[in-house]
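Student: How does the following fold in three dimensions:
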Amino acid sequence: MAKVYVLGGAQTDFERNWSKEGKGMVALLKEVMKNGLEDSGLSFRDIQTLNAENKVACYVGNFIAEKYVEQGHLGALLTEIAPEFYGVPSARYEAACASGSVALDAAITKLKAEEYDVAVVVGWELMKTVDAKVGGDFLGRAAYYEKEGKGIDFPFPTLFGKLADAILAKHKISEERLLDNLAWISNNNYANAKLNPNAQTRKWFMSKEQAGMRGTSTNPYVGGRLAASDCSQVTDGAAVVVLVSEKFAKENYPERKLPVVKGYGHRVAPILFTKKMEENVGSDYVLPWTRQAVEDAYRRAGLTVDDIDVFETHDCFTSSEYAAVSAFGISEPGKEYLAIEQGEIALTGRKPINPSGGLIGCGHPVGASGVRMFLDLYKQVNNIAGSYQVKNVQNGMMLNIGGSATTNYVYIIGNE
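Tutor: The predicted structure follows:
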């Protein structure tokens, strides 16, 4: 099947509060689309020309704009960006916090099938339109709302606190050691975010000591053993990537070495967290479907963990990043703490995770996170990540999850 290449992209500054600026979703989309196209060497007029030749389509990742900004029909909303988008095939894709990844999947599939030559993928969410409690209730719909979200304050901290409990129960490590490792993960992501000019927390202070001081006034508990330092951020933001077909790349960029999409994995686990835990009894992994998505991506790419130089993972909570260490194959299941304590996943380590700062440090506009991670892999592989660039990257892998690791998406991007 034909290859798919990454031409460019952009993200907004995740520190911004668009409501406080008096700006809304159209302003957000106009800015990120203009910047993403410019980075790719395209213009709105180029989109119009490509559309006249039936060569371009747009794919929108968003979780729950119907609640946050009372807007649906988000594919058609792109026509508000510029008249050049009139007539362009566009649609919205949703899979909770993996909405950006399912939009990418649809785009990549169309390009591989040679239905289009150019795919513009945008993921976005405006989350600071409501207070934290109301927003937490909205996000509960990424779980089984009637059973896991309704009437529960901050349902997802509760669910990922239970993941920490499950890690302790399955792998029999001490609570003190696990919590110390989670504090390390938090501090590492905040430290990496300080290097990222678009990271939400780049001006914040965090240390491993503070992250370990759970249950204090500056780091209160939010769900089970997890505290505020273990959580990703409430974020406004958007990210765009432009993908092109093999035919288009060869005809228009014969001298450029564009990063290529090498593999993907997509698996869905039981939506109820209790059923996930019931069904993992026979597996070495706490999240076996997540591991299966990773294995599928390795198989499709013809690669192994030894070939991956950098990882971006869905650290909605520190417990999800901890579980991802073994899911990626960086450690054996139950031995994640060794990779963490030995600094293997640090920015200068053997297998760095989240040089961008991840969701904890960079930010987590839920519909945008999959596209943002994909964009950061493109930057790493293309050696343009700037101050958070990892040395000698040939291949990168990302894991984007929706719900309590219910929808699992994995992509590998690399050099040919």
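Student: the longest helix in this protein is where?
Tutor: In the chain, taking DSSP state H as the definition, the longest helix is helix 175-193.
Student: buried sites along it?
Tutor: Buried residues in helix 175-193, counted by 16 or more other Cβ atoms under 10 Å: 178-193. C-beta: built from backbone N, CA, C; applies to glycine.
Student: contacting residues around the next helix or strand after that helix?
Tutor: Downstream of helix 175-193, the first helix or strand assigned by DSSP states H and E is helix 208-212. Contact with helix 208-212 is made by 179-180, 182-184, 186-187, 218-219, 227, 229-230, as judged by Cβ atoms under 8 Å, 6 or more residues apart in numbering.
Student: could I get those as a markdown table with distance to residue 84?
Tutor: Output for those, formatted as a markdown table (distance: Cβ to Cβ, whole Å):
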| residue | distance to residue 84 |
| --- | --- |
| 179 | 52 |
| 180 | 53 |
| 182 | 47 |
| 183 | 49 |
| 184 | 48 |
| 186 | 43 |
| 187 | 45 |
| 218 | 49 |
| 219 | 48 |
| 227 | 47 |
| 229 | 44 |
| 230 | 44 |
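Student: of these, the lowest pLDDT goes to which?
Tutor: Note: of these, the lowest pLDDT belongs to residue 218, at 93.
Student: pLDDT score assigned to the closest residue to that residue other than its chain neighbours?
Tutor: Take residue 218 and drop its neighbours on the chain: the residue closest to it by Cβ to Cβ, 6 or more residues apart in numbering is residue 210, 6.9 Å away. pLDDT, residue 210: 97.
Student: Now do residue 210 against residue 379, distance only.
Tutor: 29 Å (Cβ to Cβ, to the nearest Å).
Student: So between these two, which is more surrounded?
Tutor: residue 379 (24 against 18; other Cβ atoms under 10 Å).
Student: Could you confirm that one falls within a helix?
Tutor: Yes. Judged by DSSP: H, G, I helix; E, B strand; the rest coil, residue 379 forms part of a helix.
Student: ok, the residue lying closest to it once chain neighbours are set aside to residue 356 distance?
Tutor: Spatial nearest neighbour of residue 379, excluding adjacent residues (Cβ to Cβ, 6+ apart): residue 385 at 4.1 Å. Residue 385 sits 8 Å away from residue 356, going by Cβ to Cβ.
Student: Make sure residue 187 is actually in contact with residue 205.
Tutor: No. In this structure residue 187 lies outside contact range of residue 205 using Cβ atoms under 8 Å: 10.6 Å.
Student: coming back round to it: out of the buried residues of helix 175-193, which is nearest to residue 10?
Tutor: Nearest to residue 10, judged by Cβ to Cβ, of these is residue 193 at 18.1 Å.
Student: so what's residue 222 up against?
Tutor: Residue 222 is in contact with 154, 157, 161, 228, 230-231, counting by Cβ under 8 Å, 6+ apart.
Student: Swap in 7 Å and give it another go.
Tutor: Residue 222 is in contact with 154, 157, 228, 231, counting by Cβ atoms under 7 Å, 6 or more residues apart in numbering.
Student: Enumerate every residue touching the first one.
Tutor: Translated: residue 154. The contact partners of residue 154, by Cβ under 7 Å, 6+ apart, come to 136, 222-223.
Student: same check, this time on the third one
Tutor: If a contact means Cβ under 7 Å, 6+ apart, then residue 228 has 219-220, 222 as its contacts.
Student: Next: residue 331.
Tutor: Contact analysis of residue 331 by Cβ under 7 Å, 6+ apart lists 325, 338-339.
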